[in-house]
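Visitor: The following block contains a protein sequence and its predicted model.
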Amino acid sequence: MELDAIAVVGPTASGKTKRAVAIARMLNSEIISADSRQVYRGMTIGTGKDLCEYGEIPYHLIDIVPAGTKYNLHRYLQDFNKSLSEIKDRGKIPVICGGTGMYVENALNGIIMPEVEENPSLRASLEGKSIDELEKILRGYKALHNKTDIDSCKRAIRAIEIEEYYLKHPEETATTRKQSASPINAIVIGIDISREERRLRISSRLKSRLDEGMIEEVKNLLDSGISPEDLIYYGLEYKFVTKYIIGEYTYDEMFTNLETAIHQFAKRQMTWFRGMEKRGTKINWLPWNLPESDFRAKIEELINL
């Protein structure tokens, strides 16, 4: 069967971009990002775009929408399939790279999501409920693989809104089920890093990002007219730095809470990838610090070059 793509996945700070670029160079190909926050323009340091690592390699689905908008899985799958087709039409094997497991898994499984409009009456009925209450409601619709759906009330309400739509439109949402979708033939590479090394790299990278101007980046976004609430919605760096800027945290509180949140996020990422394996996706895990020559040899072996 013809190979449709190669995917590189792993937790934050594992070095995915570097490895994806190496594979793209091997294949003279292009990269499709699978990161739910790197789509936003102006959110560069906090999302770790590391654009300098790409060099001459073309990349897609980075900086495609303005910060402040609400990008979602439905839009991502539309944009992903368009990029995938265009790269394949150029005779190349796309390299998918990212840590948003939900995006990667649904893209690989060929899932097509219907567009779900906002439901004002449902939102009004859920307004004021706590995270725990919303989680209980959401669990009534589906099994939660991790806490990504419910890390804020807004996200939880949106997730309930989508599930309620699916419940009322079963014929339209049939293609969201894996068994009725058209999966793509892909080799998935996982970047394996120990919990201890990952924690060290996360802490070091956070300090570097702050030194590089992450606080100034968030200030610029606020000055451009984006509300604090909208930036907080994006979570992690943008949530905690915004709260520091508006006076809810001291610098030390911001740093400590953000560092903890990133560690928790990386753990949730790994929970998702392990779940992908249980749901049938084969992930070929390679050590994060594998020498480049050995990494290249392993990739050649996997794709039979």
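Guide: Arrived safely. Numbers count the residues shown, from 1 in each chain.
Visitor: If we ignore the residues flanking it in sequence, what's nearest the residue nearest the centre of the chain?
Guide: Centroid-nearest residue in the chain: residue 100, 2.4 Å away (criterion: Cα atoms, centre = their mean). With Cβ to Cβ, 6 or more residues apart in numbering as the criterion, residue 100 has its nearest non-adjacent residue at 4.4 Å, and that residue is residue 36. From N, CA and C alone the C-beta is placed, and that goes for glycine too.
Visitor: remind me which residues of this protein are low pLDDT?
Guide: Low-confidence segments of the chain (pLDDT under 70): 1, 142-151, 171-180, 305.
Visitor: ok, now with 50
Guide: Along the chain, the parts satisfying pLDDT under 50 run over 145-146.
Visitor: for it, what spans make up the strands?
Guide: For the chain, applying DSSP state E gives strands covering 5-9, 31-33, 40-41, 59-60, 65-66, 95-97, 186-192, 283-287.
Visitor: Specify the angle between the longest one and strand 283-287 in degrees.
Guide: Using axes from the mean of the first three to the mean of the last three Cα atoms, to 10 degrees, the direction of strand 186-192 lies 40 degrees away from that of strand 283-287.
Visitor: And strand 186-192, what does it pack against?
Guide: If contacts are counted by 3 or more Cβ pairs under 8 Å, 6 or more residues apart in numbering; DSSP states H and E, strand 186-192 sits against strand 5-9, helix 16-27, strand 283-287, helix 292-303.
Visitor: winner for burial among the ones you listed?
Guide: Greatest average neighbour count among those goes to strand 5-9 (a mean of 26), per mean count of other Cβ atoms under 10 Å.
Visitor: remind me, longest helix of the chain?
Guide: Scanning the chain for the helix with the most residues, using DSSP state H, yields helix 251-278.
Visitor: Just give me how far that helix sits from the chain centre.
Guide: 12 Å (Cα atoms, centre = their mean, to the nearest Å).
Visitor: Sort out which residues of that helix are buried, please.
Guide: Within helix 251-278, the residues scored as buried using 16 or more other Cβ atoms under 10 Å are 254-255, 258-259, 261-263, 265-266, 268-273, 276.
Visitor: just those residues now: which is nearest residue 52?
Guide: In terms of Cβ to Cβ, no member of the buried residues of helix 251-278 lies closer to residue 52 than residue 262, at 21.4 Å.
Visitor: okay, now the nearest residue in space to that closest one that is not next to it in sequence: neighbour count?
Guide: Using Cβ to Cβ, 6+ apart and skipping the chain neighbours, the partner closest in space to residue 262 is residue 202 (5.2 Å). When neighbours are counted by other Cβ atoms under 10 Å, residue 202 registers 18.
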